[in-house]
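Trainee: got a sequence here, can you model it:
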Amino acid sequence: MKILHIDNNHSILINQLNDLRFTNHEDYTSSKADIETKISDYDGVIIRSRFTIDKHFIDAAKNLKFIGRVGAGLENIDCDYAEEKGISLFNAPEGNRNAVGEHSLAMLLSLFNKLNKADKEVRQGKWLREDNRGIELDGKTVGLIGYGNMGKAFAKKLRGFDVDVLCYDIKTNVGDGNCKQVSLEELQNKADVLSLHTPQTPLTLNMVNSEFINNFKNPFWLINTARGKSVVTSDLVKALKSGKVLGAGLDVLEYEKSSFENLFTSENIPEAFKYLINSENILLSPHVAGWTIESKEKLAQTIVDKIKVKFC
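Mentor: Below is the predicted model:
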């Protein structure tokens, strides 16, 4: 079987597939159109996020047997059409779930203890102890929306704290010893912290809007290491201004795309984003929750293992 790699990944991916006697070709620079002219020669394709695998691409890939996505989400693949064509889909949420769990916890503790603010002040010669008095996680209720690989990993990290962990998921019977599954209404009535662990689907696009936020009984903290488009940023800012949301750790943003950096070179920075970047109770990171040294290797290994089970 011949496999085309169109995104660069950890070297073990190609090395181990070579050992399994697959033929591996790499093309990390050609345009999507150019890839489509030759994709019919391949049985498999390995991608991260360089471009979408849509119907046109799949129709051109007449001999494709599998698509390997070295990451968790599959939103850049027309999954229904691929499955209709009998193409197997492999993703790797098992590979970066631990990284996401650790990053979520790090964001939450940093926000509670004002570490980002305090660090900047000390570097500026300010020693403001009372202004940087934190709050403790113990005694809080943490609500998770989405209880798959990522949600479970975060719940596992929370076991060392005296907290109640609740989850809401569209699937039934996903709760376990680390987390109690409840209705969305119960989660919104009890949560002091909300952490998102959902894929990007029609159900999750713009999910966290003003109506959703206002259904929470208490002011709460928001952590989003899932997908940026799940949160309506302008509605989040309204809630931050009103005190309904106490602070947020955002690893992903509504404005994410390849030209994100261009926001800072234009005069059209969204007002909501201006508010975020100037707020002391906001912690931002560039979509790296699942992006560790270890996860890079584990993601690649997961894809190899799934290909091996199916085709060897």
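
Trainee: spatially nearest residue to Tyr183 (excluding sequence neighbours)?
Mentor: Tyr isn't right for residue 183; it's Ser. Tyr168 (6.8 Å; CB to CB, 6 or more residues apart in numbering). For every residue, glycine as well, the C-beta is placed using N, CA and C.

Trainee: now that neighbour: phi and psi?
Mentor: phi -120, psi 130 (degrees, to the nearest 10).

Trainee: which of the three states applies to the nearest residue to Cys79 once chain neighbours are set aside?
Mentor: Closest residue to Cys79 apart from its sequence neighbours, by CB to CB, 6+ apart: Leu89 at 6.0 Å. Using DSSP: H, G, I helix; E, B strand; the rest coil, the structure places Leu89 in strand.

Trainee: so how many other residues sit close to Leu89?
Mentor: By other CB atoms under 10 Å, 15 other residues sit near Leu89.

Trainee: can you give me the pLDDT of it?
Mentor: Note on Leu89: pLDDT of 97.

Trainee: what's the answer for Ser259, then?
Mentor: pLDDT, Ser259: 59.

Trainee: coming back round to it: contacts only, for the residue nearest to Cys79.
Mentor: Contact analysis of Leu89 by CB atoms under 8 Å, 6 or more residues apart in numbering lists Phe66, Ile67, Arg69, Leu74, Ile77, Cys79, Ala82, Glu83.

Trainee: which residues does the nearest residue to Ser279 once chain neighbours are set aside contact?
Mentor: Once flanking residues are discounted, Ser279 sits nearest to Leu240: 6.8 Å by CB to CB, 6+ apart. By CB under 8 Å, 6+ apart, the contact set of Leu240 is Gly247, Ala248, Tyr275, Ser279, Asn281, Ile282.

Trainee: top of those residues by neighbour count?
Mentor: Ala248 (26 neighbours).

Trainee: and that one, how far from Ile58?
Mentor: The gap separating Ala248 from Ile58 is 38 Å, by CB to CB, to the nearest Å.

Trainee: over to Ile282?
Mentor: If you measure Ile282 against Ile58 using CB to CB, the figure is 40 Å.

Trainee: just confirm Asn268 is within a helix.
Mentor: No. Read with three-state DSSP, Asn268 is coil and lies in no helix.

Trainee: can you give me the strands in this protein?
Mentor: Here the chain has its strands, by DSSP state E, at 2-5, 23-26, 44-47, 66-69, 88-90, 141-145, 164-168, 180-181, 193-196, 220-224, 245-250, 282-284.

Trainee: turn the ones you listed into JSON lines, including distance to Lys296.
Mentor: Formatted as JSON lines, the strands of the chain follow (distance: least, CB to CB, whole Å):
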{"stretch": "strand 2-5", "distance to Lys296": "15"}
{"stretch": "strand 23-26", "distance to Lys296": "17"}
{"stretch": "strand 44-47", "distance to Lys296": "14"}
{"stretch": "strand 66-69", "distance to Lys296": "14"}
{"stretch": "strand 88-90", "distance to Lys296": "17"}
{"stretch": "strand 141-145", "distance to Lys296": "25"}
{"stretch": "strand 164-168", "distance to Lys296": "28"}
{"stretch": "strand 180-181", "distance to Lys296": "32"}
{"stretch": "strand 193-196", "distance to Lys296": "23"}
{"stretch": "strand 220-224", "distance to Lys296": "22"}
{"stretch": "strand 245-250", "distance to Lys296": "22"}
{"stretch": "strand 282-284", "distance to Lys296": "22"}
